[in-house]
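In: Mind folding the following:
(2 chains)
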Amino acid sequence: MAEEPDDRKPLLSKKIDKFFTGLADAWNFVKRFFQEVLFPPYEFKEVIHQCYRIGVESLPLISLTGFIVGVVFTNQSRPSLSEFGAASWLPSLISIAVVRAMGPLVTALIAAGKVGSSIGAEIGSMKVTEQIDAMEVSATNPFKFLVVTRVLATTFMIPLLVMYTDFVALMGSFLSVNKNEMVSMTTFFVQVFESITFLDITSSLFKSVLFGFTIGIVGCYKGYNSSKGTEGVGRAANAAVVMAMFLIFIEELLVLQIVNAIRGS
Amino acid sequence: MNQQEKVVEIKDLRKSFGDLKVLQGVDLDLFNEEILVVLGKSGSGKSVLIKIMVGLLTQDSGSMKVFGQEIAQLKKKPLNAMRLRIGFSFQSSALYDSMTVRENMEFPLVRNEKNLSRKEIDRRIEELLDSVGLPQTINQLPSELSGGQKKRIGVARTLILNPDIMLYDEPTAGLDPITCVDINNLILDVREQYKTSSIVITHDLTCAKQTGDRMAVLLDGQFKSVGTFNEVFPNAEDERVKSFYDYNFINS
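Out: All right, here's what the predicted structure looks like:
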């Protein structure tokens, strides 16, 4: 629906009111997503198209970053472990670090930058050029076509990308370990799978789903609510990245606390 | 439906944005198969008026009836059914820029007429592109089209749902004079071919003169003069209406 200016008079101060009304708007946006996702019509074709854009088109960047993370982290950890004669623990250390934290975090941060900003900018420019209004007046639900499809796509694809990043990072680590410690692939991966637990994998997947949802919903929210003009599109893209990254770190912290509590019990 | 029948009835319509009063008691009727031109300066509320008509905005008070139904009171489903009867051609054309012309045309059609075969969809798209004179653009992206072509495709996309009313928001804005004439002819052709009633929002008096059966000049949030071109212009009593005419036809 076309943007109507906010006529509400401030209750406290303008900034505090803006903060709380912003929170309420964001909450309503998330609520609307869950209302719309359940009921037909379903835009399956568009979900698949977005999955391709988000997943497949991110592969080169994710591959390179994941590989570098694996190699660099292994090379950085080696001197410290060698000092204690514990260089043979490298595969265990790397696998725990990659699966529990680095894989999901690195993937989510890269996706927030690449996918989140593109969603924010795309929907923002559609808003500014009245394309969203055009969908609305042709009796098509733009929220369903633009928001629901993109959020579903990020929620499905980020966990897959995380698993892929984990694999590529471990391969990078293996190459480094193989070159320096002469460890075979079998030995390396036996050690990797002995170190990680079922909880590590499930918590990593849970986090990835959460990160994917966050990247999608924040990008869409910022784009959908961008103010008029090209400046607004730029701001929407920028805010989508910053806000998504901020929330990803908060979620990482919260999930860590929950997982530690489960692990401790 | 005969030509004296009202398709749109607007009574005492008011709309404000904060302290800015845009529409302050608008009264207007649109008759069947009529082309009504709404003239006014930028920011005078012309576009607001037609956005209320399709439910993109809601009035503060007053009545906006389309085919006898109060738009503001329609729930989601009947509002969408009403929207299918009203075609809206946007000032910016609002073509979906990630889609080709074919996909743009297909988008509203496949979502609103579910039982159409691929053959029928293609036939309708090709027929409409022919009628706006742009069959060769079918596989092009909006970024590859000129401003005039975008406007025509925008109109074609709107017509694909066979609307009864066409709303044109600044159809000639930003176009060269020759393309403006083409667009004006297109507006007349659409009425002729599809028997639509139309509202044309513009501040281009040449467009108004060429296309409009009646003119309505929006000043201070109200329609000051309504009538045929010769009734409203050139001997307008209101100084501002007169200056509007003078600026378009004498000064330029």
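
In: Only the buried residues of the helix or strand A:Thr21 falls within, if you could.
Out: A:Thr21 belongs to helix A:14-38 when assigned by DSSP states H and E. If you call a residue buried by 16 or more other Cβ atoms under 10 Å in any protein chain shown, then helix A:14-38 has these buried ones: A:26, A:29, A:33. To be clear about C-beta, it is placed using only N, CA and C from the backbone, and glycine gets the same treatment.

In: can you check stretch A:113-121 too?
Out: A:113-121.

In: Can you give me the end-to-end span of stretch B:199-209?
Out: Terminal residues of stretch B:199-209 are spaced 13 Å apart (Cα to Cα, to the nearest Å).

In: Name the residues that touch it?
Out: The contact list for stretch B:199-209, computed with Cβ atoms under 8 Å, 6 or more residues apart in numbering or on different chains, reads B:8, B:30, B:35-42, B:46-47, B:49-50, B:53, B:165-173, B:177, B:180, B:183-184, B:187, B:211-212, B:215, B:229, B:233, B:244-245, B:248-249.

In: Which of these fall within helices?
Out: Here DSSP state H is the test, and the contacts of stretch B:199-209 give B:46-47, B:49-50, B:53, B:177, B:180, B:183-184, B:187, B:211, B:229, B:244-245 as lying in helices.

In: Filter these down to the buried ones, ChimeraX style.
Out: Of those, the buried ones go into a single ChimeraX selection, burial set by 16+ other Cβ under 10 Å:
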select /B:46,47,49,50,53,180,183,184,187,211,229,244,245
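
In: and the two most separated of the ones in helices among the contacts of stretch B:199-209?
Out: Between any two of the ones in helices among the contacts of stretch B:199-209, the greatest separation by Cβ to Cβ is 29.2 Å, found for B:Met53 and B:Pro177.

In: any idea of the pLDDT on residue 225?
Out: I went with chain A, as the question did not name one. At A:Asn225, the predicted lDDT confidence score is 91.

In: think we crossed wires, I meant chain B
Out: The predicted local confidence for B:Ser225 is 84.

In: gap between it and A:Asn28?
Out: As defined by Cβ to Cβ, to the nearest Å, B:Ser225 lies at a distance of 44 Å from A:Asn28.

In: excluding its backbone neighbours, what's nearest B:Leu57?
Out: B:Lys51 (4.4 Å; Cβ to Cβ, 6 or more residues apart in numbering or on different chains).

In: In this structure that neighbour contacts B:Thr58, no?
Out: No. Here B:Lys51 lies out of contact with B:Thr58, judged by Cβ atoms under 8 Å, at a distance of 9.5 Å.

In: Let me see the ranges of the helices in the chain.
Out: By default, I'm working from chain A. Counting by DSSP H, the helices of chain A are A:14-38, A:44-55, A:59-83, A:90-97, A:103-111, A:117-128, A:131-137, A:142, A:149-181, A:185-195, A:198-224, A:230-264.

In: sorry, should have said chain B
Out: Under DSSP H, chain B gives helices at B:46-53, B:76-85, B:101-112, B:118-131, B:147-159, B:177-194, B:205-211, B:229-232, B:239-245.

In: Same list (the ones you listed) but as a markdown table, adding mean pLDDT.
Out: Below are these laid out as a markdown table (pLDDT from 0 to 100):
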| stretch | mean pLDDT |
| --- | --- |
| helix B:46-53 | 94 |
| helix B:76-85 | 94 |
| helix B:101-112 | 94 |
| helix B:118-131 | 94 |
| helix B:147-159 | 93 |
| helix B:177-194 | 91 |
| helix B:205-211 | 90 |
| helix B:229-232 | 87 |
| helix B:239-245 | 77 |
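
In: Looking at the ones you listed, which is nearest to A:Ala97?
Out: Among these, helix B:101-112 comes nearest to A:Ala97, with 45.4 Å by Cβ to Cβ.

In: just checking, what packs against that closest one?
Out: For helix B:101-112, the packing partners by 3 or more Cβ pairs under 8 Å, 6 or more residues apart in numbering or on different chains; DSSP states H and E come out as helix B:118-131, helix B:147-159.

In: what comes up buried for that helix?
Out: B:101-109, B:111-112.

In: and what of stretch B:127-145?
Out: Those would be B:128-129, B:131-132, B:134, B:137-138, B:141-142, B:145, for stretch B:127-145 by 16+ other Cβ under 10 Å.

In: How many residues are close by A:Pro40?
Out: Here the count is done by other Cβ atoms under 10 Å in any protein chain shown, and A:Pro40 has 6 residues near it.

In: no no, B:Ser63
Out: What B:Ser63 shows, counting by other Cβ under 10 Å, is a neighbour count of 15.

In: close enough to count as contact, A:Asp133 and B:Phe90?
Out: Yes. Contact criterion Cβ under 8 Å: A:Asp133 and B:Phe90 qualify, at 7.0 Å.

In: Please see if the helix holding A:Thr21 touches chain B.
Out: No. Helix A:14-38 stays clear of chain B (Cβ under 8 Å from any Cβ of the partner chain), getting no nearer than 11.9 Å.

In: Let me know the angle separating that helix from helix A:230-264.
Out: Angle of helix A:14-38 versus helix A:230-264, following axes from the mean of the first three to the mean of the last three Cα atoms, to 10 degrees, is 70 degrees.

In: From the chain's centroid, how far away is helix A:14-38?
Out: 20 Å (Cα atoms, centre = their mean, to the nearest Å).

In: for that helix, packing partners?
Out: In terms of contact count using 3+ Cβ pairs under 8 Å, 6+ apart, helix A:14-38 is assigned the packing partners helix A:149-181, helix A:198-224.

In: How many residues are close by the nearest residue to A:Glu181 once chain neighbours are set aside?
Out: Spatial nearest neighbour of A:Glu181, chain neighbours left out: A:Ala87 (6.0 Å); criterion: Cβ to Cβ, 6+ apart. If you count neighbours by other Cβ under 10 Å, A:Ala87 ends up with 18.

In: Enumerate the residues of the stretch 101-250 of chain A near chain B.
Out: A:122, A:125-126, A:129-131, A:133-140.
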